[in-house]
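Q: task: produce atomic coordinates for the following.
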Amino acid sequence: MKMIWAVVRPESAEIVIAALEDAGISSMTRIHVTGHGKEMGITAGLARYTEIPKEMLMLVLPDNDIAKAITIIKNAARTGPKANPDAGIIGDGKIFVTYVEDTYTIRTAEKTSVQKQ
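A: A predicted model of the protein is given here:
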């Protein structure tokens, strides 16, 4: 199993969630976060804002669903001209993928060990 951490624009979060749910991927956690990447913040007049609102989606999926989920997130979160699907805008977000070694169900105290592939 792997975990996907997807940081996206707040206005893209609902679009990404709907696209994932349409594909049958509905278990996720949504976290309101702030930060910046290459865009280095926003300047409005004399004020500079470096903590930009973002949304982080956290999903834990079987390895065979990871590529599908990443494709869905990339396509749904990308802004910019739809005529050029490879050209988004700085600040569209980032996707991180990590391994999940164990999971625990709090309600039942059940532990599930996951083998890396």
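Q: quick one: the nearest residue to Ile42 once chain neighbours are set aside and Thr43, what's the gap?
A: Once flanking residues are discounted, Ile42 sits nearest to Tyr49: 4.8 Å by CB to CB, 6 or more residues apart in numbering. C-betas here are computed from N, CA, C, even on glycine. As for Tyr49, its distance to Thr43 is 8 Å (criterion: CB to CB, to the nearest Å).
Q: repeat that for Ala76.
A: Computed as CB to CB, the Ala76 to Thr43 distance reads 28 Å.
Q: of the two, who's got more company?
A: Ala76 (19 against 10; other CB atoms under 10 Å).
Q: give me the pLDDT for that one.
A: pLDDT for Ala76: 94.
Q: can you pull the contacts of it?
A: Ser12, Ile15, Val16, Ala18, Ala19, Leu20 (CB atoms under 8 Å, 6 or more residues apart in numbering).
Q: buried ones among these?
A: Neighbour counting with 16 or more other CB atoms under 10 Å marks Ser12, Val16, Ala19, Leu20 as buried within the contacts of Ala76.
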